[in-house]
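Colleague: Here you go, sequence then predicted model.
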2 protein chains.
Amino acid sequence: MAGRTNSPGQSVSRRLLAVLDCFDVAHPALSLTEVAKQSGLPLSTARRLITELCDWGGLERLDDGRYRIGIRLWTIGSLAPQQRDLRAAALPHMHDLFQATQENIQLTVLEGHKALCIEKISSDRAVPTQTHIGGRLPLHCTGVGKALLAFSGRELFASVTEAGLTRMTPHTIIQPGRLAAALAEVRRAGVAYAFEEMSLGAVSVAAPVLGLDGRARAALGIVAHSHAAADRTAVDRLAPAVRTAALGIARSSN
Amino acid sequence: MAGRTNSPGQSVSRRLLAVLDCFDVAHPALSLTEVAKQSGLPLSTARRLITELCDWGGLERLDDGRYRIGIRLWTIGSLAPQQRDLRAAALPHMHDLFQATQENIQLTVLEGHKALCIEKISSDRAVPTQTHIGGRLPLHCTGVGKALLAFSGRELFASVTEAGLTRMTPHTIIQPGRLAAALAEVRRAGVAYAFEEMSLGAVSVAAPVLGLDGRARAALGIVAHSHAAADRTAVDRLAPAVRTAALGIARSSN
């Protein structure tokens, strides 16, 4: 994130938004110096903008002098209908799926070249995942990512593969041709799998939540432990449950 | 909300935040004219700020020309730890409570003179409530509000009563002395009730989620149908469940 530079002619509002952009799931609390460095703003400008955001309630100052996102921004952000309506339609189905499987359940939407997690249900028993609400997952090596990619048109596939497919594990598909074949299978089956393609020890199964235009509005996924030989069977058992829940969400929200 | 005026000397960033402030649960989509009117900004300024927010992803333009909050603001807002950590600790207990009661479950935190709803679980069978995630409830006439007020110190009580206790129904407590007595009982019992004090036909039971300093970090509440004579008994039955869940949340999050 560091090293973004901001031209002197950049508007004040762009600078204010650049301050907010410094914060993400991996950096929920930042010092003034860190904000200045990551936004490319002079220290004095960053200080003034942070003060204005604190006065408004968009940032809060911690005892150690760092800053974090405040409840005011959460309140306004919670109005975003893309997550609000979808989440309301999805939660009952996600609860059902969690009750039936006791595994991690994730609801994601497409954001640029990533799958943005807008809801998650998990338990202590489930496999630890790197996914947090508000966090982003790669498209080419996760179940939810493949489900979104398979039902989002050829332009997205082209730009994702042009940007390069990062190898996350020895199982990650990094050849565009192999990925295209895998996505064709996802479109045929209505279910996407990822077998230790994102992280070793975890498998995922996902299904798209399709809009009336046949494109993915969201993807619902389960992330489970992979147990060597039992892998494929266990995951195959989860697939109909995920698909049923995704169809239920589509019916509740279209 | 209309009629706020903005001085010419107001900083650009304050004006940008004033645009965001126009949106709330009751007004999730607004036209340019509405934003200008409610923020007190000239039309040309409002248009420019809206364009910058759209370019950034904080606002989205609808087909009818109005604007709504975009997923970018949701993503940043979801980082606010006040709701994030509490919600993560609370959700399993809220699911348990919902399973056991099938009534509306609400998790709220104090924000100014209001109880801000940060999570809600509900079903078609439950009584319709006016509460939405991101919505605000009055403190003096709701279960969650009383639970927060009872465990938030005398200064808050003084400023809430000085601001005036609005009568929502014939059952609303509007005398500060009676409210003080009710809150003393809440502190003694660890549970707060509201019997049709916010809206006719609905009763609520709530318990505070106490921090290590003995103050309310949040309040967990159930809103249920009131059934004339059966009221008190049915609600008394819900109280231990709400209290148990609130204690569980406190233990998971302190």
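Modeller: Received, thanks.

Colleague: Could you pull out the helices in the stretch 51-200 of chain A for me?
Modeller: A:71-77, A:81-101, A:143-150, A:154-163, A:176-189 (DSSP state H, counting those that start in this stretch).

Colleague: Please point out which parts of the longest one sit buried.
Modeller: Translated: helix A:81-101. A:81-84, A:86-95, A:97-98, A:101 (16 or more other C-beta atoms under 10 Å in any protein chain shown). Just so you know, the C-beta spots here come from the backbone N, C-alpha and C atoms, and that holds for glycine as well.

Colleague: For the residue in the stretch 101-250 of chain A that chain B sits nearest to, which non-adjacent residue is spatially closest?
Modeller: Proximity of the stretch 101-250 of chain A to chain B (C-beta to the nearest C-beta) peaks at residue A:134, 3.6 Å away. Nearest non-adjacent residue to residue A:134, counting by C-beta to C-beta, 6 or more residues apart in numbering or on different chains: residue B:78, 3.6 Å away.

Colleague: so the one you found touches residue A:120, yeah?
Modeller: No - counting by C-beta atoms under 8 Å, residue B:78 does not reach residue A:120; the two are 10.8 Å apart.

Colleague: Contacts only, for the residue of the stretch 101-250 of chain A closest to chain B.
Modeller: A:24-25, A:116-118, B:74-76, B:78-79 (C-beta atoms under 8 Å, 6 or more residues apart in numbering or on different chains).

Colleague: quick one: which of these has the most company?
Modeller: Greatest neighbour count in the contacts of residue A:134, by other C-beta atoms under 10 Å in any protein chain shown, goes to residue B:74: 27 neighbours.

Colleague: What pLDDT is listed against that residue?
Modeller: In the predicted model, residue B:74 carries a pLDDT score of 90.

Colleague: Could you report the separation of it from residue A:246?
Modeller: Counting by C-beta to C-beta, to the nearest Å, the separation of residue B:74 from residue A:246 is 21 Å.

Colleague: before we move on, what about residue A:146?
Modeller: Taken as C-beta to C-beta, the span from residue A:146 to residue A:246 is 13 Å.

Colleague: before we move on, the earlier item: between residue B:78 and residue A:120, which contacts overlap?
Modeller: By C-beta under 8 Å, 6+ apart, the residues touching both residue B:78 and residue A:120 are residue A:133.

Colleague: where does the closest residue to residue A:119 other than its chain neighbours land on pLDDT?
Modeller: Sequence neighbours aside, residue A:107 is the residue nearest to residue A:119 in space, at 4.1 Å (criterion: C-beta to C-beta, 6+ apart). Listed pLDDT for residue A:107 reads 96.

Colleague: Please apply the same query to residue A:99.
Modeller: 80.

Colleague: ok, residue A:30 to residue A:44 distance?
Modeller: Applying C-beta to C-beta to residue A:30 and residue A:44 gives a distance of 17 Å.

Colleague: Of all residues in chain A, which one is closest to chain B?
Modeller: residue A:77 (2.6 Å).

Colleague: Now do that residue: how many residues are near it, please.
Modeller: Counted with other C-beta under 10 Å, residues neighbouring residue A:77 total 27.

Colleague: distance of it from residue B:235?
Modeller: Distance of residue A:77 to residue B:235, given as C-beta to C-beta: 34 Å.

Colleague: Where does pLDDT dip in the stretch 1-150 of chain A?
Modeller: Filtered on pLDDT under 70, the stretch 1-150 of chain A yields the residue ranges A:1-10, A:123-130.

Colleague: Identify the bridge partners of residue A:195.
Modeller: Beta-bridge partners for residue A:195, by DSSP bridges, are residue A:203.

Colleague: would you turn the helices of the stretch 51-200 of chain A into JSON lines with distance to residue A:62?
Modeller: Output for the helices of the stretch 51-200 of chain A, formatted as JSON lines (distance: least, C-beta to C-beta, whole Å):
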{"stretch": "helix A:71-77", "distance to residue A:62": "14"}
{"stretch": "helix A:81-101", "distance to residue A:62": "27"}
{"stretch": "helix A:143-150", "distance to residue A:62": "33"}
{"stretch": "helix A:154-163", "distance to residue A:62": "36"}
{"stretch": "helix A:176-189", "distance to residue A:62": "43"}
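
Colleague: and the residue lying closest to residue A:215 once chain neighbours are set aside, what is it in contact with?
Modeller: Excluding its sequence neighbours, the residue lying closest to residue A:215 (C-beta to C-beta, 6+ apart) is residue A:151, at 5.6 Å. Residues in contact with residue A:151 (C-beta under 8 Å, 6+ apart) are A:187, A:208, A:210, A:214-216.
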